[in-house]
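*Asks:* pasting the sequence and the predicted coordinates here, then a few questions.
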Amino acid sequence: MNKPFPAVPFFTALAALVLLQGCAAATACRTRPATSPGFERTASDGMCLSSVRWEPTQPPARGVVVLIHGLRDYSDRYGRLAEALQAQGFAVVAQDHRGHGHSGGDRQRMESMQQLVDDVDGVVQEARARHPGVPVMVFGHSMGGLIATHYVLQHASGVSGLILSGAGIVLPPGVTGFDTRLAKIFGTILPGLPAQDLDSQMFLHDGPEKEKFLADPLITHEKLPARSAKALIAAIEALDGKFQDLKLPLLVVHGGEDVITSIDGSRALVEQATSSDKRLIIYEGQRHDLAHEPDAAKVVGDIVGWVEAHVPPSAAAAGPAENQRALHRRQGE
């Protein structure tokens with residue numbers, strides 16, 4: 001005969017698990033190696049956020065590009081793009097999200113999109129203080145594209161252009177309404193429960209870059225915690241009807257074989273954005289992580305070329321008022 005289910009011990013353990021999962025995350029940054037010099041700042045909630053910057057070899061900077069990375073990702077992986085921008089006179093700064101790379105926090109843990117937007121704004125303000133009066137461009141990849149989109153919707157007046165790569169701005173392929181309802185429920189009652197899975201094998205084509213990605217100790221390939229899945233779903237839903245509010249110069253790139261984020265989201269954004277200066281590039285045969293795919297050199301070249309075309313070499317010499325007038329002229333074209 002089957003033994004009765006031990007209800008009291010089970011629910012006691014479940015309650016303890018819920019309480020444990022609600023505890024604050026560790027806040028200290030991870031130590032960067034000497035080969036990866038960076039800087040740290042403390043967010044308003046005490047979280048240590050680690051960043052890396054690339055300064056132009058011949059200052060003053062022509063402009064600033066803020067790189068916002070995605071899930072299973074961190075800032076140092078964008079060295080190739082950053083160095084190409086640096087060579088053209090741009091300052092580049094990239095911050096590891098909380099729970100990623102060298103920043104503090106439980107891995108992949110985030111509470112809300114606003115928290116991530118506020119984190120990004122902190123590093124943008126730091127970059128502006130270092131390079132006053134020059135145009136600021138924002139680049140976001142994957143989840144970073146979702147963050148970047150929210151950021152410019154809140155701070156459009158201070159941004160000269162938006163570049164999105166494989167942006168996760170609509171629900172991923174295969175995610176159903178039932179899935180989102182479950183994520184919201186478990187994100188509330190069991191926030192630390194491993195919930196949403198991403199197939200790391202599908203980020204990149206086979207080769208050395210994929211091998212490095214899979215073996216990188218700073219990248220976790222575990223399922224996304226339910227609290228984080230809930231936050232990202234809410235952020236995607238909050239963009240419904242908002243694409244038309246994007247009036248900035250806009251470049252959107254996406255891999256034609258991307259199964260991690262939906263290419264339909266990139267198409268819809270470019271179609272619905274009211275900017276008169278917008279472009280979509282689809283790289284056929286390429287997967288999600290475009291900066292590390294076989295066509296990475298072309299992707300980097302296209303992005304750098306677009307940024308250069310939107311920030312003239314004289315931008316560093318122009319004052320803040322003139323740069324703002326130039327931005328308004330571009331937005332009104």
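*Replies:* That came through fine.

*Asks:* do I have it right that H155 meets D121?
*Replies:* Yes. Using Cβ atoms under 8 Å, H155 is in contact with D121, at 6.7 Å. To be clear about C-beta, it is placed using only N, CA and C from the backbone, and glycine gets the same treatment.

*Asks:* could you count how many residues lie near F186?
*Replies:* Neighbourhood size, F186 [other Cβ atoms under 10 Å]: 19.

*Asks:* typo on my end, it should be S157
*Replies:* Residues lying near S157 (other Cβ under 10 Å) number 11.

*Asks:* could you do D240 as well?
*Replies:* Neighbours of D240 (other Cβ under 10 Å): 8.

*Asks:* do the same with the one 4 residues further on
*Replies:* By the measure other Cβ under 10 Å, the count of residues near Q244 is 12.

*Asks:* and what of S103?
*Replies:* The number of residues near S103, taken as other Cβ under 10 Å, comes to 24.

*Asks:* who are the contact partners of it?
*Replies:* 29-30, 47-50, 95-97 (Cβ atoms under 8 Å, 6 or more residues apart in numbering).

*Asks:* could you do M137 as well?
*Replies:* 63-66, 159-163, 307, 310-311.

*Asks:* the contacts of S103 in strands, which ones?
*Replies:* Residues of the contacts of S103 located in strands (DSSP state E): 48-50, 95.

*Asks:* quick one: the strands in the stretch 1-150 of the chain?
*Replies:* Using DSSP state E, counting those that start in this stretch, the strands of the stretch 1-150 of the chain run over 39-42, 48-54, 63-68, 90-95, 136-141.

*Asks:* what's the longest one packed up against?
*Replies:* Using 3 or more Cβ pairs under 8 Å, 6 or more residues apart in numbering; DSSP states H and E as the contact criterion, the neighbours of strand 48-54 among helices and strands are strand 39-42, helix 79-87, strand 90-95, helix 113-130.

*Asks:* again, only using 6 Å
*Replies:* For strand 48-54, the elements it packs on are strand 39-42, strand 90-95, judged by 3 or more Cβ pairs under 6 Å, 6 or more residues apart in numbering; DSSP states H and E.

*Asks:* the residue nearest to T42 when sequence neighbours are not counted: neighbour count?
*Replies:* Nearest non-adjacent residue to T42, counting by Cβ to Cβ, 6 or more residues apart in numbering: C48, 5.9 Å away. Using other Cβ under 10 Å, C48 has 19 other residues around it.

*Asks:* tell me the contacts of C48?
*Replies:* C48 sits next to 27-29, 40, 42, 104 when contact means Cβ atoms under 6 Å, 6 or more residues apart in numbering.

*Asks:* and the helix or strand containing W306, what does it pack against?
*Replies:* Element membership for W306, per DSSP states H and E: helix 296-310. Packing contacts for helix 296-310, counted by 3+ Cβ pairs under 6 Å, 6+ apart, involve helix 79-87.

*Asks:* is it correct that Y151 is in contact with D118?
*Replies:* No. Using Cβ atoms under 6 Å, Y151 is not in contact with D118, being 9.5 Å away.
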